[in-house]
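Asker: how would this look folded up:
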Amino acid sequence: MFKITKKVEYALMAIRHLHMEDSKLSSSTEIANSYNIPKPLLAKILQRLARKNIIKAIKGPNGGYIISKDPLKIKMSEFFEIMEGPMGIADCIYDSKCDQLECCSIKNPIIKLNNTVKSLFDNMTLAEITC
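Answerer: Residues are numbered from 1 along each chain as shown. Prediction:
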């Protein structure tokens, strides 16, 4: 089943929070407390988003996070891959270690379905979810 993980869900919530704050710094504690997100998990999510330049981390006692990349310029497929790795509805889409790969009778329909889903997310921006 294709499912949005908690990690992706929390990342989207954090980005929406930062977007709504409109250039005001927000701490990880503030975001975690606002949405009942486990703080250690949120800290890792925010670090990953900062490494990918989606948000910017400001250090110091008055530091926090702010959006650094326009959500209109980030495809949802790119965002999912930043958070979870290659997008695929089945492991064989991105991992060729499947024992049945050579004799699989549903490989081509699965690839077609995966491409359709990926295309949907290629044509949707992060702004459509977070703004």
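Asker: how about the nearest residue to Gly63, chain neighbours excluded?
Answerer: Distances taken as Cβ to Cβ, 6 or more residues apart in numbering place Leu25 nearest to Gly63, at 6.6 Å, with adjacent residues excluded. C-betas here are computed from N, CA, C, even on glycine.
Asker: same check, this time on Thr125
Answerer: Leu72 is the one closest to Thr125 (Cβ to Cβ, 6+ apart), at 5.2 Å.
Asker: any idea how far Ile129 is from the one you found?
Answerer: Leu72 sits 12 Å away from Ile129, going by Cβ to Cβ, to the nearest Å.
Asker: Which parts of the protein are helices?
Answerer: 6-20, 28-35, 39-51, 76-84, 107-122, 127-130 (DSSP state H).
Asker: So what touches the longest one?
Answerer: It refers to helix 107-122. Residues from elsewhere that reach helix 107-122, judged by Cβ atoms under 8 Å, 6 or more residues apart in numbering: 2, 75-77, 80, 87-90, 92-93, 101.
Asker: how does the protein divide into domains?
Answerer: The chain breaks down into these domains under automatic domain parsing: 6-67, 74-130.
Asker: looking at those, which is buried most?
Answerer: domain 6-67 (a mean of 16; mean count of other Cβ atoms under 10 Å).
Asker: now the end-to-end length of it.
Answerer: Distance across domain 6-67, first residue to last, is 20 Å (Cα to Cα, to the nearest Å).
Asker: Look up how far Asn115 lies from the closest residue to Tyr10 other than its chain neighbours.
Answerer: Closest residue to Tyr10 apart from its sequence neighbours, by Cβ to Cβ, 6+ apart: Ile37 at 5.0 Å. Between Ile37 and Asn115 the computed distance is 33 Å (Cβ to Cβ).
Asker: For stretch 103-110, what does the pLDDT average out to?
Answerer: Across stretch 103-110, pLDDT averages out at 84.
Asker: Ignore what I typed, I meant stretch 29-44.
Answerer: Computed over stretch 29-44, the average pLDDT equals 96.
Asker: gap between the two ends of stretch 29-45?
Answerer: End to end - Cα to Cα - stretch 29-45 spans 13 Å.
Asker: Please consider this matter closed, and thank you.
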